[in-house]
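Trainee: 3D, please:
(one chain, ligands or ions: 1)
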Amino acid sequence: MSEKPVRIVLAKLGLDDHIRPLYVLSYGFRDAGMEVIYLGCFQTPQIVVDTAAIEDVDAIGLSFHTVSYFGWIDETMNLLKEKKMDDRVSVFVGGTIPPEDKPMLEEVGVRGTYLPGESLKSITDSIKDIVSKVRKRAGVV
Ligand code: B12
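Mentor: Purely as a prediction, here's the structure:
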């Protein structure tokens with residue numbers, strides 16, 4: 001039996017309105033067989049995490065093209081932990097993130113960071129692979 005599609009909430013937090021990457025990613029995710037809950041720009045961690053709970057998603061995808069991204073990620077991870085969703089909901093981030101920040105993101109629980117130039121195929125393959133492992137670990141079929 002084939003696995004059920006990966007469900008992902010896709011958003012940008014704060015005042016960053018580089019919306020084009022969100023369009024590119026949402027079509028790319030759809031074409032790779034994933035289900036996208038598209039929130040767009042100007043969201044808050046609370047809205048994103050509440051949507052993730054209501055929509056029963058596997059993942060949250062956050063795109064950043066500003067320097068002030070870390071606080072948003074930290075707040076999102078804390079909310080997920082508070083709601084005890086962090087074991088089964090994976091957070092993936094991408095955009096203009098300095099490569100040297102990757103270890104810091106992993107430390108707070110981000111499961112995948114994707115930088116400019118990475119192909120949609122390698123991004124979606126990686127997300128599907130990680131979600132599949134997390135589902136198995138969390139006992140989700
Ligand atoms: C187009 C663009 C704009 C357009 C936006 C159009 C639109 N409607 O989206 C306009 C002209 C409006 C604009 C405005 C600004 N911009 Co601008 N912009 C860009 C530019 C040239 C391309 C961004 C883009 O669309 N890339 C195409 C997408 C598909 O590629 P990508 O973002 O790299 O995403 C890939 C990966 O990173 C990954 N990914 C990205 N997000 C996510 C999320 C998830 C979940 C996953 C899995 C993967 C993933 O997947 C993608 C596929 O490989 C970049 C420079 C650059 N080369 O990146 C600057 C850039 C992002 N902009 C920048 C700046 C500074 C601004 C302004 C502040 C300029 C100003 N002074 O007004 C404003 C900000 C406006 C705002 N409020 O947000 C800076 C940001 C610097 C920083 N990190 O802080 C950049 C990096 C330019 C630079 N070198 O200085 N911008």
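Trainee: ok, and for the longest strand seen in the chain, which residues are buried?
Mentor: Of all the segments assigned as strand in the chain under DSSP state E, the longest by residue count is strand 35-43. For strand 35-43, a neighbour-count test (16 or more other CB atoms under 10 Å) marks 36, 37, 39, 43 as buried. The way it works is simple: take the backbone N, C-alpha and C, and place the C-beta from them, glycine included.
Trainee: Not counting sequence-adjacent ones, nearest residue to the last one?
Mentor: It refers to residue 43. Distances taken as CB to CB, 6 or more residues apart in numbering place residue 11 nearest to residue 43, at 4.4 Å, with adjacent residues excluded.
Trainee: Doesn't that neighbour lie inside a strand?
Mentor: Yes: counting by DSSP: H, G, I helix; E, B strand; the rest coil, residue 11 is found in a strand.
Trainee: Residue 64 - how many residues pack around it?
Mentor: As a burial measure, residue 64 scores 21 neighbours (other CB atoms under 10 Å).
Trainee: and the closest residue to it other than its chain neighbours, how many neighbours?
Mentor: Residue nearest to residue 64 in three dimensions, not counting chain neighbours: residue 95, with 4.1 Å by CB to CB, 6+ apart. Taking other CB under 10 Å as the criterion, the count of residues near residue 95 is 20.
Trainee: and what of residue 103?
Mentor: Using other CB under 10 Å as the criterion, the residues surrounding residue 103 number 9.
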